[in-house]
Each structure stands twice: as structure tokens, then as C-alpha cells.
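Undergrad: mind folding the following:
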Amino acid sequence: MKIGDIVCRKKYGKDICFKITDIKDGVYYLTGIEYRLVADSDESDLELSDFNSEKSDIIVENKPCLKGSVLHIDGDKNYLEMCLKKYKEFNINVHGYYMKENEIKDKIIPLLEKHKPDLLVITGHDAMKKNGDRKNIDSYLHTMDFVEAIRRARLYQDDKDSLIIFAGACQSYYELLLASGANFASSPSRKNIHALDPVFVVSQIANASVKNYVDLEKIVAKTSNKHLGVGGIDTRGVARKIYPTSR
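TA: The predicted model follows:
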């Protein structure tokens with residue numbers, strides 16, 4: 001097996017497909033193809049995979065309204081491209097940036113000042129370390145990077161209805177992300193989330209009326225692991241209806 005190969009892990013029932021991103025001292029470093037998860041493995045536990053992408057049946061209705069704009073910052077270039085394609089399909093105005101998770105906090109405010117989005121996505125990769133304590137921030141790979149980025153974003157705009165934030169990736173420290181200022185976050189049960197889950201959440205809010213609070217349970221139900229993977233707080237929509245509707 002070599003860098004770039006698509007593999008799955010036998011020990012976990014071949015549940016997730018990964019790309020081999022590095023090999024050092026017999027350890028294979030892996031990045032999820034569709035799930036925002038990083039892992040490592042011995043070669044003996046890996047099996048080459050004939051990967052087929054999942055197809056989503058989620059639809060965001062194109063209403064006659066001014067939809068909210070999105071700033072999407074992603075720690076994975078391939079995931080970012082996948083997400084931007086989906087935003088385009090949903091007719092959502094988005095500005096997307098790829099950068100390493102630990103770089104986001106230093107660039108977040110200039111990007112917010114430049115684009116003035118209604119919704120902000122801070123995501124990439126994360127994982128809870130083996131035998132880690134779920135209430136210990138040191139047990140997570142990138143949750144602290146997300147936390148620092150959220151905190152700085154809230155220095156720019158502390159109103160949770162004026163700037164709606166989705167933050168986190170696979171197995172992230174959900175409670176801490178919410179406490180830091182996110183409206184939506186992963187992962188309540190430390191489950192994995194699909195690369196497109198952030199898109200599905202914010203696109204529905206971008207299309208929901210500013211007059212109403214969104215149906216949180218309905219939105220979360222459309223994500224890969226539902227309430228086990230994504231949760232959040234009461235949040236208003238940001239779309240504004242255009243009048244007159246007809247002549």
C-alpha cells in the first residue's frame with residue numbers, strides 16, 4: 001500500500017473509507033474520504049477499497065428571497081471543493097477558504113471584515129484520541145483550534161442571530177464548542193460527521209425566514225448521524241422575502 005491509496009480498516013468493520021496521506025515508521029496516517037476524521041493504523045489492519053461516493057437526497061428549496069451568505073473555512077482542500085459544489089447546487093452565496101485548522105484563528109477576523117457573512121462554518125478534521133477523556137480538551141486533535149476561532153469570531157460579532165456559526169468536525173468536543181459561541185456544533189455523542197453536514201445545516205438556515213426560529217430537530221435530522229452527530233441552540237433564519245411576489 002502507498003500514499004494516495006483508498007483503504008478501509010478491518011478492525012472497524014470497513015465502515016469508513018480513508019486515503020493514505022503519509023507513512024512513517026510503519027504507521028499509516030489516514031484521512032476520511034467523506035467523513036471529517038483523521039486516524040492512523042498498522043498496515044495489517046488496512047484493506048484496499050473500491051470506493052463509491054455516497055449520494056445525498058437532501059434538497060434546499062429555492063424560494064424567491066434574499067438568502068443568507070456563507071463564509072466557509074475548511075481544514076481540508078478536497079472537502080472544501082466538495083462543499084462549494086454543493087453550495088452552488090443549493091444556490092447559496094459562499095466564500096470558501098482552505099487553511100490548516102491551527103491557522104484559522106489568526107485569519108478569521110480579517111475574513112469576517114472582508115465578507116461580512118450571515119453564516120460562518122469553521123471545520124476540517126478532528127478526532128478524540130484513543131482512550132481519551134471526552135471532557136478533557138487535550139483528548140482532541142483540533143477542537144481547541146476551533147474553539148479559539150469561534151471566540152475570535154464572537155469578538156467580531158457576539159449576536160448569535162447576526163452571525164450564525166457552525167463549528168466542529170468528527171468527534172469534536174461539542175459542549176465546549178457551544179459554550180465558546182457556536183450556534184451549531186459536532187459531535188454530541190462524539191460520532192463522525194459527513195463532510196457535507198455543515199453545508200446541509202447552514203444552507204437550510206440561509207434559506208429560512210428571518211421572521212422565524214428554524215426547526216432545529218428537522219435540520220439536524222438531515223445530517224449523517226442526526227442528533228448524535230450535530231446539535232445546537234435556538235437560531236433564527238436569515239432569508240428575507242422579496243416583495244412584491246408577483247405583478
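
Undergrad: mind checking which helix or strand of this structure has the lowest mean pLDDT?
TA: strand 38-42 (a mean of 85; mean pLDDT, DSSP states H and E).

Undergrad: from the chain's centroid, how far away is it?
TA: With C-alpha atoms, centre = their mean, to the nearest Å as the basis, strand 38-42 stands 21 Å off its chain's centre.

Undergrad: break the chain into its domains for me.
TA: Under the assignment automatic domain parsing, the domains of the chain span 6-48, 65-232.

Undergrad: and the most centrally placed residue in the chain, what does it touch?
TA: Centre of the chain computed as the mean C-alpha position; nearest residue by C-alpha atoms, centre = their mean is Pro198, 4.0 Å away. Neighbour list for Pro198: 72, 83, 121, 123, 166 [criterion: C-beta atoms under 8 Å, 6 or more residues apart in numbering]. (Glycine included, C-beta is placed from N, CA and C.)

Undergrad: does it belong to a helix, a strand or coil?
TA: The three-state label for Pro198, taken from DSSP: H, G, I helix; E, B strand; the rest coil, comes out as helix.

Undergrad: coming back round to it: buried residues, the very next helix or strand once past the least confident helix or strand of the chain. List them.
TA: Proceeding C-terminally, strand 38-42 gives way to strand 46-48 as the next helix or strand, assigned by DSSP states H and E. For strand 46-48, the neighbour count (16 or more other C-beta atoms under 10 Å) marks Leu46 as buried.

Undergrad: which elements pack onto the helix or strand just after strand 46-48?
TA: Counting by DSSP H and E, the element after strand 46-48 in chain order, helix or strand, is strand 65-66. Packed against strand 65-66, as judged by 3 or more C-beta pairs under 8 Å, 6 or more residues apart in numbering; DSSP states H and E, are the following elements: strand 240-241.

Undergrad: for the strand it packs on, which strands pair with it and how are they oriented?
TA: Using DSSP bridges, the strands paired with strand 240-241 in its sheet are strand 65-66 (antiparallel).

Undergrad: can I get the very next helix or strand once past the partner strand in CSV? Just the C-alpha atoms.
TA: In the C-terminal direction, the helix or strand that comes right after strand 65-66 (DSSP H and E) is strand 70-74. Only the C-alpha atoms of strand 70-74 are listed here, as CSV (Å, rounded to 0.1, in the frame of the first residue of the first chain):
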residue,chain,number,x,y,z
VAL,A,70,-21.8,32.0,4.0
LEU,A,71,-18.1,32.1,4.9
HIS,A,72,-16.8,28.5,4.9
ILE,A,73,-13.3,27.9,6.3
ASP,A,74,-12.1,24.3,5.9
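
Undergrad: whichever strand or helix holds Val201: how far from the chain's middle?
TA: With the criterion set as DSSP H and E, the secondary-structure element containing Val201 is helix 197-206. Using C-alpha atoms, centre = their mean, the distance from the centre of helix 197-206 to the centre of the chain it belongs to is 10 Å.

Undergrad: do the same with stretch 141-157
TA: So, by C-alpha atoms, centre = their mean, the centroid of stretch 141-157 is 14 Å from its chain's centroid.
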